[in-house]
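Asks: when you get a sec, could you give me coordinates for this:
(chains A and B)
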Amino acid sequence: MSTVCVSDAELVARARQGDPVAFGELVDRHRSAVYRAALAALGSHAEAEDAAQDAFVMAFKRLGGFRGDASFKTWLLTIAWHQAINRRRSLRRMLRQIVQPASSTDQESVVEHVAASGLSPEAAAATTELRRSIRAAIRSLAPKLRDALLLAQSGDYTYAEIAAMQRTPVGTIKWRVSEARRLVKLRLREGGYDDVG
Amino acid sequence: MWDDERIEAAIDEAARQMTAGEPDAAFRARVMARIETRRRPMPLLQALAAGMAVAAAIAIAVIVWRHPSQTDVPAPEARSVSSPAATGQSGPTETVRLQSPPTVARTLRPATAAAAETEFTSANRLELEPLAPAPLDVESIAIAALPADDAIHIEPLPAAASIAIAPLGPDNEGDRR
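Replies: Here you go, the predicted structure:
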């Protein structure tokens, strides 16, 4: 049976009855959101992949307990977030990876950036340097502020979904995002970007 | 040079990049394989081995229950020790003679569980020949009498002199405050 036009709720009902195709469709629909949430928490693609897999396996196991009070996506993201946070807590090396000085995106070529943006070489180099500084500033934030900022800016989640994931009021999440942005700007100023407002 | 709007946009862009990524197309297959592994029933061979182990344990338990342990080892007899002192002899020389050890008839029990399956009747009991070792003779021990020590003389202590205490008079009462 086709699952293209089937709602999440129907797929959940079919998966509960033992239909593996239905759960597979749910995996396909939400794998990006789950993966990015795990990536925001862990900062490592390999760990995010493992945490996302764990989240789906856990969700399948707990499918009988899904009451439908929230959407399946919210329920799934809550499980994924907890899986990722537990992994982050249990692995000390995760902390080192979050503050590592360079990732693949840090190594982006100025030449490529010039070609893509149409900026002058000097302006492109300055922009690349600015982004690198911003990433370093974000990594240096407290975990709660960093998590809120990354999840909010990823574009995959509403504030309500982030609040449900972190079991925190929406207002607190909004404050954390705002505070994170303020601190990033502060650290940019301290890093030599004097005219940052 | 860095206006606020540009900085805000740069922060948004940097945060987006830090969460950019997507699992590959095989992600679904990997998840389903893990779920299938959890759901898969125990392989036939493992189930068979487990069943046989349980059956063997039950069989052994039944056998042990039907044939409780029989210990026919008699209580060890008291060894008789003959000594001249006990027979009224006296003197520094004593001879200790050990009598023959008691005769022990022991019933051997099968040691293994397989042997335990055999009927354990009196016909299966194995009687051992009584042991009769030669009596042991111990060399006589001569103990010399200890010489009497000299008497210890203790000097008597001198008698203590009496202490004369003068009675308190009315002149001394003014000093007590």
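Asks: past the helix or strand of chain A with the lowest mean pLDDT, which element shows up next along the chain?
Replies: Least confident helix or strand of chain A, by mean pLDDT, DSSP states H and E, is helix A:110-117 with a mean of 48. Using DSSP states H and E, the helix or strand that follows helix A:110-117 in sequence is helix A:121-139.
Asks: what about that following helix, near chain B?
Replies: Yes - contact of helix A:121-139 with chain B (C-beta under 8 Å from any C-beta of the partner chain) involves A:127, A:130-131, A:134-135, A:138. C-beta here means a position set from N, CA and C on the backbone, and glycine is covered the same way.
Asks: elements contacting that helix?
Replies: On a contact count with 3 or more C-beta pairs under 8 Å, 6 or more residues apart in numbering or on different chains; DSSP states H and E, helix A:121-139 meets helix A:110-117, helix A:143-154, helix A:170-190, helix B:4-18.
Asks: and the residue of chain B that's closest to chain A?
Replies: Closest contact between chain B and chain A, by C-beta to the nearest C-beta, is at residue B:15 (3.4 Å).
Asks: contacts only, for that residue.
Replies: Residue B:15 makes contacts with A:138, A:149-150, A:152-154, as judged by C-beta atoms under 8 Å, 6 or more residues apart in numbering or on different chains.
Asks: over to residue A:74?
Replies: A:160-161, A:164-165.
Asks: let's see that with 7 Å instead.
Replies: Neighbouring residues of residue A:74 by C-beta atoms under 7 Å, 6 or more residues apart in numbering or on different chains: A:161, A:164.
Asks: in the chain, what spans have low per-residue confidence?
Replies: Going with chain A. A:1-4, A:92-119, A:194-197 (pLDDT under 70).
Asks: actually chain B
Replies: B:1-2, B:39-45, B:68-128, B:137-141, B:146-150, B:169-177.
Asks: so which residues on it come close to chain A?
Replies: Applying C-beta under 7 Å from any C-beta of the partner chain, we find that chain B lies next to chain A at B:1-2, B:4, B:7, B:10-19, B:21-23, B:27-28, B:30-32, B:34-35.
Asks: which of these are buried?
Replies: Among these, those classed as buried by 16 or more other C-beta atoms under 10 Å in any protein chain shown are B:2, B:7, B:10-12, B:14-15, B:17-19, B:23, B:27-28, B:30-32, B:35.
Asks: and the longest helix seen in chain A, anywhere near chain B?
Replies: Secondary structure assigned by DSSP state H gives helix A:20-42 as the longest helix of chain A. Yes - Helix A:20-42 comes into contact with chain B (C-beta under 7 Å from any C-beta), by way of A:20, A:24, A:27-28, A:31-32, A:35-36, A:39-40.
Asks: now list the buried members of the residues you listed.
Replies: A:24, A:27, A:31-32, A:35-36, A:39-40.
Asks: which one of these is nearest residue B:53?
Replies: residue A:24 (37.4 Å; C-beta to C-beta).
Asks: right, and that closest one touches residue B:27 too?
Replies: No - if you go by C-beta atoms under 7 Å, residue A:24 and residue B:27 don't touch, sitting 10.5 Å apart.
Asks: can you pull the contacts of whatever residue of chain A ends up closest to chain B?
Replies: Proximity to chain B, evaluated over chain A using C-beta to the nearest C-beta, is greatest for residue A:153 at 3.4 Å. Listed by C-beta under 7 Å, 6+ apart, the contact partners of residue A:153 are B:12, B:15-16.
Asks: could you do residue B:159 as well?
Replies: No contacts exist for residue B:159 under C-beta under 7 Å, 6+ apart.
Asks: using the three-state scheme, assign it.
Replies: Under DSSP: H, G, I helix; E, B strand; the rest coil, residue B:159 falls in the coil class.
Asks: give me the phi and psi angles of it.
Replies: phi -70, psi 140 (degrees, to the nearest 10).
Asks: residue A:186: neighbour count?
Replies: By the criterion of other C-beta atoms under 10 Å in any protein chain shown, residue A:186 has 12 neighbours.
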